[in-house]
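Participant: Curious how this folds, go ahead:
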Amino acid sequence: MSNQDPPTSLENLDDRLRHAKKRHEGQKPREGGAAAPMSGFGLAFRYGVEMVSAVIVGTGIGLLIDNWLEIAPWGMIVFFFLGAAAGMLNVYRAVAGFGLAPGYKAPQGEKAQDDEVLNSGKGNDPDAGGKK
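Facilitator: Residues are numbered from 1 along each chain as shown. Purely as a prediction, here's the structure:
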């Protein structure tokens, strides 16, 4: 077809793999695939958006109910406050780190104690470690 060099063969595949491994060795993987911590501005923007969007959605639902049931302005007033409460709850969950399940977060010290017991081999499972 042309007088160019043939495509790279499998002979230098090992060299290319070693080069790629060296290039990626210095990069540390994220623990558990968690996202990097946000800056202060990023957190403030997130909390603001959570609050404002909840108030807007609540007010919108209130306006729709007002038009549907012809009870203006009571639906808008009630759902404005419900939206504000939902926004505050969302911001609280985000700040406290609860996610969507506020009742299921383990206390701070409890997890560390469990990890120490498992790593020391003194847990309930005799095959869990600690044998020499």
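Participant: contacts and neighbour counts: CA atoms only from here.
Facilitator: Fine.
Participant: What's the mean pLDDT across the helix or strand harbouring L64?
Facilitator: In this assignment (DSSP states H and E), L64 forms part of helix 40-69. Helix 40-69 carries an average pLDDT of 94.
Participant: Can you give the contact residues for the next helix or strand after it?
Facilitator: Downstream of helix 40-69, the next assigned helix or strand under DSSP H and E is helix 74-96. Among residues not part of helix 74-96, those counted as contacts by C-alpha atoms under 8 Å, 6 or more residues apart in numbering are 47, 50-63, 65-66, 99-100, 102.
Participant: at 6 Å what do you get?
Facilitator: Residues outside helix 74-96 that contact it (C-alpha atoms under 6 Å, 6 or more residues apart in numbering): Y47, E50, M51, A54, V55, G58, T59, G62, L63, I65, D66, G99.
Participant: Just list the residues touching N12, thanks.
Facilitator: N12 is in contact with no residue at all, counting by C-alpha under 6 Å, 6+ apart.
Participant: A96: how many residues sit nearby?
Facilitator: Using other C-alpha atoms under 10 Å, A96 is surrounded by 11 other residues.
Participant: wait, M51
Facilitator: For M51, the neighbour count with other C-alpha under 10 Å is 20.
Participant: now the one 5 residues further on
Facilitator: A count of neighbours around I56, defined by other C-alpha under 10 Å, yields 16.
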